[in-house]
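[1] What shape does this take:
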Amino acid sequence: MRRALASHLLLALLAALTVYFVQYALSDYALTLLELVMLNVALALSLQVTNGLTGLFSLGHPAFMTVGAYVAAILTYPVRRKGFMMPDLPSWLAGSEWGLLPALLAAALAAALLALLVGFSVLRLKGHYLAVATLGLIIIVRTVVNNLDGWTRGGLGLSGVPRLTGPWTVYAFLVLVWYLCWRIKHSSYGRAMMAMRENELAARCTGVDVFALQLFAFVFGAAVAGAAGALTVHLVTVVTPGAYGIPLAFLLVVIVVLGGQGSLTGAAIAAIALGLLSEFLRPLEERLELYGLSQALVALALLLVLRFRPSGFFGSREPALLSGQTVKRQGDRRWPRKTGTSSSRMSGCDPSKPRVPLS
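    Residues are numbered from 1 along each chain as shown. Predicted coordinates for the structure are as follows:
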C-alpha cells in the first residue's frame, strides 16, 4: 500500500512539474493544448468506469458534456450581456453571475440527473442497442439546444464566455477524477463491476445488483463528462450545439479499446498519445495536403489492435508499480506449481499418475 501511494504521489508530482514547465516555458497555444489533453484523459478515465469496468457500450458522453457546458456557461455569463444574448432567462437567473466552482458542481449535477433519468430506460438495453440509444441521446440534446433560442441562442452558440479555466484547475480536476476512478476500480464495487462484465448471470447468482451498479457507473461517467464540458467551455470561451458530437464519442471509445477495457493507465496513455499525435501530424498534413492523415492512422491502429490484441495494450491490468503488487517469477518457490487443470485439482485427480481401470 505504501509503495502504491508513493508511486501515485510521484506521478502527481511529475504531472505538476509538467504543467509548471509548459505554463512558463512554452506558448499559450501549447498550454491550451495541454489542458485539452488533460480533459480528454479525465473523460477517458470516466468512460473506463462506465464501459470498461461494467461492459456497457455507452456513447453518450458528448451529450452530457453539452449539458454541462451550457449549464455552466449560462450561470457564469456576465450579467450585463445576459439580457441581450439570452432574453428568455428567468429574472433570478438573468441577474446572477456564478463563480467557476459552483457552476462546475451545477453542471456535473445536471448531467448526472439527466443520466439518472435516461439510465432507467436505456440500461435495459445491451450491446449495440445501448450504443444506438446513447447516440440518439446526443442528437436529442443537440436538437433541444438548437430550439432553445432564448436560453442558448440556438445554432449561433454562446460566445464571450469568461475564460475561468486555468492549467492548475484542470490539473486538480484530473487528479480528483483519477483518484475516484482508482478507488472505484479497486473497491468491492469495482470487483463486482468486473465480475458482471465477464459473466452477468454468475454475478447475479452471487448477489450482485447488476442494474444498480450499471446505473451508478453511468451516472458517475455523466457527472465527470458534465464537469469536463464546463471546464472546456471556460477554456475555449465559446460553445455551440455541435461542439461535442458523435466524432468525440467514437474517439473516446477508441481510447478505451486501445488502452484496454478496464485499465485506467492504458486509457490515460492512449488519450495522451492520440491527443499529441493529431497535433504533431498537423504540419505534415498541411505540407503534403493529406488532410485527415491522423484519423486514418488512428483507424489503422484500432484495426491492428482489434486483430492482434483484442484486450488492448494493458487489458484490465494496471502497472505493478502503481497497484503495489509484487510480480512473482515462475521459478520462485512461492509460485504454485501446476500439476494439472483446475478441475482435476479440485476433484483430487492428478493427470500425471496413470489411471487404474476398474475391474
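[2] Tell me, please, where in the stretch 1-150 of the chain the pLDDT is lower than the cut-off.
    1 (pLDDT under 70).
[3] ok, how many other residues are close to residue 293?
    16 (other C-beta atoms under 10 Å). C-betas here are computed from N, CA, C, even on glycine.
[4] ok, now residue 21?
    11.
[5] so who does it touch?
    By C-beta atoms under 8 Å, 6 or more residues apart in numbering, the contact set of residue 21 is empty.
[6] Same question for it, what's its three-state structure.
    At residue 21 the chain is in helix, as set by DSSP: H, G, I helix; E, B strand; the rest coil.
[7] What distance do you get for it to residue 95?
    42 Å (C-beta to C-beta, to the nearest Å).
[8] Which pLDDT value goes with the closest residue to residue 86 other than its chain neighbours?
    The shortest distance from residue 86 to any non-neighbouring residue, by C-beta to C-beta, 6 or more residues apart in numbering, is to residue 151 (5.7 Å). On the pLDDT scale, residue 151 is placed at 91.
[9] Residue 151 - that's part of a strand, no?
    No: Residue 151: not assigned to a strand; according to three-state DSSP it is helix.
[10] Please name the residues that touch it.
    So residue 151 contacts 74, 86, 88-89 (C-beta under 8 Å, 6+ apart).
[11] Then residue 103?
    Residue 103 neighbours (C-beta under 8 Å, 6+ apart): 71-72, 75-76, 230.
[12] out of the residues you listed, which are buried?
    The neighbour count (16 or more other C-beta atoms under 10 Å) marks 71-72, 75-76, 230 as buried among those.
[13] And the average pLDDT for stretch 158-169 is what?
    92.
[14] Just the buried positions in that stretch, please.
    158, 161, 164-167, 169.
[15] got the CA coordinates for it in CSV?
    Extracted C-alpha coordinates of stretch 158-169, given in CSV (Å, rounded to 0.1, in the frame of the first residue of the first chain):
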residue,chain,number,x,y,z
LEU,A,158,-22.8,31.2,-26.9
SER,A,159,-19.7,33.3,-27.4
GLY,A,160,-17.9,35.6,-24.9
VAL,A,161,-18.0,33.1,-22.1
PRO,A,162,-15.4,34.2,-19.5
ARG,A,163,-12.2,32.3,-19.5
LEU,A,164,-12.1,30.9,-16.0
THR,A,165,-10.3,27.6,-16.6
GLY,A,166,-6.6,27.5,-15.9
PRO,A,167,-4.0,24.8,-16.1
TRP,A,168,-4.0,24.2,-12.4
THR,A,169,-7.8,23.9,-12.3
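[16] now the end-to-end length of stretch 240-250.
    Across its full length, stretch 240-250 reaches 19 Å between end residues, using C-alpha to C-alpha, to the nearest Å.
[17] What of stretch 237-255?
    Start-to-end, stretch 237-255 (C-alpha to C-alpha) is 26 Å.
[18] Give me the residues contacting that stretch.
    Contacts for stretch 237-255 (C-beta under 8 Å, 6+ apart): 40, 43-44, 47, 51, 59-63, 65-66, 69-70, 73, 134-135, 138, 142, 145-146, 152, 154-163, 229, 233, 267, 270-271, 274, 298, 302.
[19] Looking at those, which are in strands?
    158-159 (DSSP state E).
[20] and the contacts of stretch 237-255, which are buried?
    40, 43-44, 47, 51, 59-63, 65-66, 69-70, 73, 134-135, 138, 142, 145-146, 152, 157-158, 161, 229, 233, 267, 270-271, 274, 298.
[21] so of these, which ones are in helices?
    In helices, defined here by DSSP state H, the members of the buried ones among the contacts of stretch 237-255 are 40, 43-44, 47, 61-63, 65-66, 69-70, 73, 134-135, 138, 142, 145-146, 152, 229, 233, 267, 270-271, 274, 298.
[22] got CSV for the contacts of residue 103, with distance to residue 294 too?
    Listed next are the contacts of residue 103 as CSV, based on distance: C-beta to C-beta, whole Å:
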residue, distance to residue 294
71, 32
72, 29
75, 35
76, 33
230, 27
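[23] which residues sit in contact with residue 37?
    Here residue 37 is in contact with 271-272, 275-276 (C-beta under 8 Å, 6+ apart).
[24] Likewise for residue 188?
    So residue 188 contacts nothing (C-beta under 8 Å, 6+ apart).
[25] Make residue 1 into 58 and carry on from there
    Shifting the count to begin at 58 puts that one at residue 245.
[26] Show me the strands in this structure, by range?
    215-216, 295-296.
[27] Relative to residue 165, tell me which of these wins on proximity.
    strand 295-296 (16.2 Å; C-beta to C-beta).
[28] Give me the sheet partners of that closest one and which way each runs.
    If you go by DSSP bridges, strand 295-296 pairs up with strand 215-216 (antiparallel).
[29] contact partners of the partner strand?
    Under C-beta under 8 Å, 6+ apart, the answer for strand 215-216 is 127, 130-131, 134, 142, 209, 290, 294-297.
[30] For residue 355, see how far away residue 310 is.
    11 Å.
[31] meant to ask about residue 232
    27 Å.
[32] cool, residue 379 as well?
    In terms of C-beta to C-beta, residue 379 sits 26 Å off from residue 355.
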